[in-house]
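# curious how this folds, go ahead:
(one chain, ligands or ions: 1)
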Amino acid sequence: MTTLLPTSIVGSLPKPSWLAQPETLWSPWKLEGDALVEGKQDALRIAVQEQRQRGIDIISDGEQTRQHFVTTFIEHLDGVDFDRRETVRIRNRYDASVPTVVGEVSRQKPVFVDDAKYLRQQTDQPIKWALPGPMTMIDTLADRHYRSREKLAWEFATILNQEARELEAAGVDIIQFDEPSFNVFFDEVQDWGVAALERAAEGLRAETVVHICYGYGIKANTDWKATLGSEWRQYEESFPLLQRSAIDVISLESQHSHVPMDLLELIRGKKVMLGAIDVANETVETPEQVAETLRKALTFVDADKLIPSTNCGMAPLPRDVARGKLGALSAGAAIVREELSAAKD
Ligand SMILES: [Zn+2]
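As a prediction, this is how the structure comes out:
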């Protein structure tokens, strides 16, 4: 891509109210059968149009065809029983009733490839597709078969790699793995988390991203964030490992978060997808606020390696707020782009 500071969203956008209950995670579909298939495609086209109209350069599907960024992928795999549920603690933060791994996990057919082909038809701009990362997948399951988090993660990594290769063949330019768990399970990140992630990304020609964040703006996450103190240094654990990894781009949150910007020094040389939009707050940023965050990042990231983005997915936000934030993101990036080209002249 030739655009300097190409803008992108992390993943989800709010769904239209005729498709699913707004401002809710795991919201059930309001349609079924063929009407649901058509409704998802309509919503995906709207998501593309909204990003393009507001100047987003790298286009995502807005996760309009999935109920949840982790669960929907797992639902399509064998070996997981969704009727047998157990209550586990998600990322050491909140209890949830989760499905159980009862046998060998495998993928009988592609999960998102048709959706990705449909997204490819909608635009000539670069497209990005997000998949859950292996460590984040195992954290939303009870495992009664492998009885080893590492082993299960490795199996998922192999499955994710199959899916990623087919997404790439379908024309996806950038493949993103969501690993919020990397901000929680530091020993496992070190022992096998990054290795499993690299296994998921193995052999891809598409650019690869790992997205690590502090979660959606839901109460369980904001309560957890309140306990983290005035400086959030969690990235300090994963960044040195990722700097040495085969992953091309690191996606992190920054706007309104307490992450010290100088932690970016730890991933020097990598591309950085920087969260310049707060998704836990319904106030739309001004373009100048976005620009100020990007300017700070440019102290630690070369301009040709910076991708202005959102902190995380925007699924739980009202639609008009999400649209406003898309506009603020591209307007803020435009300000800094102009400053950079003026400085060069
Ligand atoms: Zn996130």
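# contacts, neighbours, all on C-alpha from now
Fine.
# which parts of this protein sit against the ion?
213, 215, 312 (CA under 5 Å from the ion).
# out of the residues you listed, who's nearest the ion?
residue 312 (3.7 Å; CA to the ion).
# helix/strand/coil for the closest residue in space to that closest one that isn't next to it in sequence?
Nearest residue to residue 312 in three dimensions, chain neighbours excluded: residue 10, at 5.4 Å (CA to CA, 6 or more residues apart in numbering). Of the three states, residue 10 takes coil according to DSSP: H, G, I helix; E, B strand; the rest coil.
# and the pLDDT for residue 10?
pLDDT, residue 10: 97.
# one more: residue 2?
For residue 2, pLDDT reads 66.
# hmm, residue 278 and residue 256 touching each other?
Yes. Under the criterion of CA atoms under 8 Å, residue 256 makes contact with residue 278 at 6.3 Å.
# out of those two, which sits in the busier spot?
residue 278 (25 against 15; other CA atoms under 10 Å).
# and the more buried one, how close does it get to the ion?
Distance, residue 278 to the ion, by CA to the ion, to the nearest Å: 11 Å.
# follow-up on the earlier one: find residues that contact each of residue 256 and residue 278.
Common contacts of residue 256 and residue 278 (CA atoms under 8 Å, 6 or more residues apart in numbering): none found.
# buried residues in stretch 252-270, which are they?
252-255, 257, 259, 263-264, 266-270 (16 or more other CA atoms under 10 Å).
# report the two of those separated the most.
257 and 269 (23.1 Å; CA to CA).
# include distance to residue 156 and pLDDT when you put the residues of the chain next to the ion into TSV, please.
Output for the residues of the chain next to the ion, formatted as TSV (distance: CA to CA, whole Å; pLDDT from 0 to 100):
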residue	distance to residue 156	pLDDT
213	21	94
215	21	84
312	23	96
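# by neighbour count, which of those wins?
Result: residue 312 is most packed of the residues of the chain next to the ion (other CA under 10 Å), 28 neighbours.
# so which strand or helix has that one?
Here residue 312 sits in a region with no helix or strand, counting by DSSP states H and E.
# go on, residue 213?
Per DSSP H and E, there is no helix or strand for residue 213.
# could you report the pLDDT at the residue nearest to it when sequence neighbours are not counted?
In this structure, residue 213 finds its nearest non-sequential neighbour in residue 180, 5.1 Å apart by CA to CA, 6+ apart. Per-residue pLDDT puts residue 180 at 94.
# for residue 180, give me its contacts.
136, 211, 212, 213, 214, 215.
# pretty sure the last one is in a helix, no?
No. With three-state DSSP as the criterion, residue 215 is located in coil rather than a helix.
# you'd agree it is up against residue 312?
Yes. Using CA under 8 Å, residue 215 is in contact with residue 312, at 6.7 Å.
# which stretches in the protein count as helices?
Counting by DSSP state H, the segments of the chain that form helices are 33-53, 71-75, 113-122, 134-138, 149-169, 186-188, 194-201, 219-225, 235-243, 287-297, 319-344.
# need these in JSON lines (columns: mean neighbour count and mean pLDDT).
Formatted as JSON lines, the helices of the chain follow (neighbours: other CA atoms under 10 Å; pLDDT from 0 to 100):
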{"stretch": "helix 33-53", "mean neighbour count": "17", "mean pLDDT": "98"}
{"stretch": "helix 71-75", "mean neighbour count": "18", "mean pLDDT": "94"}
{"stretch": "helix 113-122", "mean neighbour count": "18", "mean pLDDT": "98"}
{"stretch": "helix 134-138", "mean neighbour count": "25", "mean pLDDT": "96"}
{"stretch": "helix 149-169", "mean neighbour count": "21", "mean pLDDT": "98"}
{"stretch": "helix 186-188", "mean neighbour count": "14", "mean pLDDT": "96"}
{"stretch": "helix 194-201", "mean neighbour count": "24", "mean pLDDT": "98"}
{"stretch": "helix 219-225", "mean neighbour count": "13", "mean pLDDT": "85"}
{"stretch": "helix 235-243", "mean neighbour count": "19", "mean pLDDT": "97"}
{"stretch": "helix 287-297", "mean neighbour count": "20", "mean pLDDT": "98"}
{"stretch": "helix 319-344", "mean neighbour count": "19", "mean pLDDT": "96"}
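# ok, which of those comes nearest residue 93?
helix 219-225 (6.8 Å).
# ok, the residue lying closest to residue 56 once chain neighbours are set aside - contacts?
Excluding the flanking residues, the one nearest residue 56 by CA to CA, 6+ apart is residue 7, at 5.2 Å. Taking CA under 8 Å, 6+ apart, we find residue 7 in contact with 55, 56, 57, 58, 307, 308, 309, 329, 330, 333.
# export the residues you listed as CSV, with columns for distance to residue 21.
Converted to CSV, those look like this (distance: CA to CA, whole Å):
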residue, distance to residue 21
55, 27
56, 25
57, 28
58, 27
307, 31
308, 29
309, 25
329, 26
330, 28
333, 32
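# for those, pick the one with the most neighbours.
residue 309 (33 neighbours).
# pretty sure that residue contacts residue 276?
Yes. Look at residue 309 against residue 276 with CA under 8 Å: they come within range, at 5.8 Å.
# who touches both of those two?
residue 329.
# ok, back up a step: distance of the residue nearest to residue 213 from residue 62?
18 Å (CA to CA, to the nearest Å).
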